[in-house]
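Asker: No sequence on hand, only this structure:
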Ligand SMILES: CCCCCCCC/C=C\CCCCCCCC(=O)SCCNC(=O)CCNC(=O)[C@H](O)C(C)(C)COP(=O)(O)OP(=O)(O)OC[C@H]1O[C@@H](n2cnc3c(N)ncnc32)[C@H](O)[C@@H]1OP(=O)(O)O
């Protein structure tokens with residue numbers, strides 16, 4: 001298991017899922033284990049929907065973040081989430097550690113589709129497939145509305 005750099009986008013990145021300083025975020029960190037990225041996270045009461053159960057939208061946010069980091073950690077690219085298909089098989093319990101795993105199902109230079117599995121106590125709570133668009137620098141700058149910081153440019157695909 002190899003820990004991935006937790007902050008490849010620099011200290012000011014604002015991501016709800018992975019910014020270490022986000023006031024209410026998940027503060028996720030990832031490791032690479034073979035062909036997968038892995039994270040562990042224990043949801044607190046602030047993430048409840050029904051009492052004792054994590055809000056389904058936030059469970060999906062967790063899946064989105066795991067998949068995004070599969071693109072970062074396994075492909076060395078950044079992808080913008082284009083499609084999310086998930087099934088919530090079991091309630092995600094508050095206060096119980098979640099293991100999240102992401103792996104590449106298929107990819108080209110322009111897109112990547114990631115398989116995600118979130119489990120508690122070895123039992124699947126969510127499985128899903130998420131597709132990411134990998135943009136070139138110009139398209140990423142249009143989407144973000146400004147120039148990419150130098151450190152981010154290596155995550156874009158070569159323009160064609
Ligand atoms: C590159 C460097 C940038 C670095 C930035 C680093 C920041 C670091 C900071 C902090 C870490 C953050 C960690 C984040 C983690 C979570 C990730 C997110 O939350 S991302 C935000 C939510 N997602 C959106 O806001 C997208 C909204 N959608 C769009 O902007 C467009 O629809 C977009 C870009 C997804 C596609 O735009 P089009 O359709 O104009 O582009 P076309 O070139 O036509 O498509 C590109 C490829 O994507 C496929 N595609 C498009 N939509 C698809 C879909 N819904 N399903 C499947 N494939 C789709 C297309 O078929 C095409 O593939 P074919 O070239 O044909 O192989």
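Answerer: Nice, I can see it. These numbers come from a predicted model, not from an experiment.
Asker: alpha carbons only for contacts and neighbour counts from here, please
Answerer: Noted.
Asker: Three-state assignment for residue 22, please.
Answerer: With DSSP: H, G, I helix; E, B strand; the rest coil as the basis, residue 22 sits in coil.
Asker: so who does it touch?
Answerer: 14-16 (Cα atoms under 8 Å, 6 or more residues apart in numbering).
Asker: can you tell me which of those are in strands?
Answerer: Using DSSP state E, no member of the contacts of residue 22 falls in strands.
Asker: Out of these, which is nearest to residue 111?
Answerer: Nearest to residue 111 among those, counting by Cα to Cα, is residue 15 at 21.0 Å.
Asker: pLDDT wise, what is the closest one at?
Answerer: On pLDDT, residue 15 comes in at 97.
Asker: Just the buried residues from the contacts of residue 22, in PyMOL please.
Answerer: Listed next is the PyMOL selection for buried residues among the contacts of residue 22, using 16 or more other Cα atoms under 10 Å:
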select buried, resi 16
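Asker: Closest one of the contacts of residue 22 to the ligand?
Answerer: Nearest to the ligand among the contacts of residue 22 is residue 15, at 4.8 Å by Cα to the nearest ligand atom.
Asker: what sits against the closest one?
Answerer: Contacts of residue 15 (Cα under 8 Å, 6+ apart): 22, 25.
Asker: Which of the contacts of residue 22 sits closest to residue 72?
Answerer: Of those, the one sitting nearest to residue 72 (Cα to Cα) turns out to be residue 15, at 13.9 Å.
Asker: No further questions, thank you.
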